[in-house]
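Undergrad: Return a 3D structure for these sequence lines:
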Amino acid sequence: MSSSPGSIDRLLQRLCDLSAAIGGVMLVGIACMTVVSVIGRSMFSHPILGDVELVQLGCAVVVASFLPYTQFRRANIIVDFFTTRATQRTQRRMDAFGTLLYTLVLALVCWRVAAGGVAIRETQESSMLMNLPLWIPYLLMVPGLALCVVIGLHQTVQQWRSIDEVVR
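TA: Predicted coordinates:
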């Protein structure tokens, strides 16, 4: 595979789509489990044990799975109220700086989630009701967060390169 910008974008897009698909499947699974638990609670006085734990842990993984998709499509909220009168070059610089800042924060979050998962595994911490190992959801969050960091770095480089194109 060549390393042209187009092929990198296509690879990142495929990885984002895969990550979002995994998150979507997990979200549907969480929703189905919740429905079954609510029906079991209301009709049979027998909910799924630990359903709240599973929803909490699963939603963290789902969010981490959807973040790369959002970042790749530049779908994060941008407040441009203060920059509407700035030049296009200034706006692009600020966008590039914002993307870099967002990427650095996500890199920090990714690092801490990975380090937290390792620490939780070493201490064998588990959920209260179901006794599920808590390091597993941490581990499942890392790929989405790491992909988001890679996308952010790629977009930052693209944005910095495009600043000079405004002048031409």
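
Undergrad: For residue 110, which non-adjacent residue is spatially closest?
TA: Among residues not flanking residue 110 along the chain, residue 145 sits closest, at 3.8 Å (Cβ to Cβ, 6 or more residues apart in numbering). Yep, even glycine has a C-beta here, placed from its N, CA and C like the rest.

Undergrad: Just give the number of residues close to the one you found.
TA: Residues lying near residue 145 (other Cβ atoms under 10 Å) number 22.

Undergrad: so it, which of the three states?
TA: helix (DSSP: H, G, I helix; E, B strand; the rest coil).

Undergrad: All the helices of this protein, residue numbers only.
TA: All helices of the chain, identified by DSSP state H, fall at 5-44, 51-72, 88-123, 135-167.

Undergrad: Show me the shaky parts of the protein.
TA: 1-5, 166-168 (pLDDT under 70).

Undergrad: The residue located most distally from the centre of the chain and residue 52: what is the separation?
TA: Going by Cα atoms, centre = their mean, the residue of the chain most distant from its centre is residue 44, 37.1 Å out. Look at residue 44 and residue 52: by Cβ to Cβ, to the nearest Å, they are 18 Å apart.

Undergrad: which residue sits closest to residue 17 in space, ignoring its chain neighbours?
TA: In this structure, residue 17 finds its nearest non-sequential neighbour in residue 69, 7.1 Å apart by Cβ to Cβ, 6+ apart.

Undergrad: and that neighbour, what does it touch?
TA: Residue 69 makes contact with 16, 17, 19, 20, 75, according to Cβ atoms under 8 Å, 6 or more residues apart in numbering.

Undergrad: show me the contacts for the last one.
TA: By Cβ under 8 Å, 6+ apart, the contact set of residue 75 is residue 69.

Undergrad: Number of residues surrounding residue 108?
TA: Residues near residue 108, counting by other Cβ under 10 Å: 12.

Undergrad: Tell me how far stretch 119-137 lies from the chain's centre.
TA: Taking the mean of its C-alpha atoms, stretch 119-137 sits 21 Å from the chain's own mean (Cα atoms, centre = their mean, to the nearest Å).
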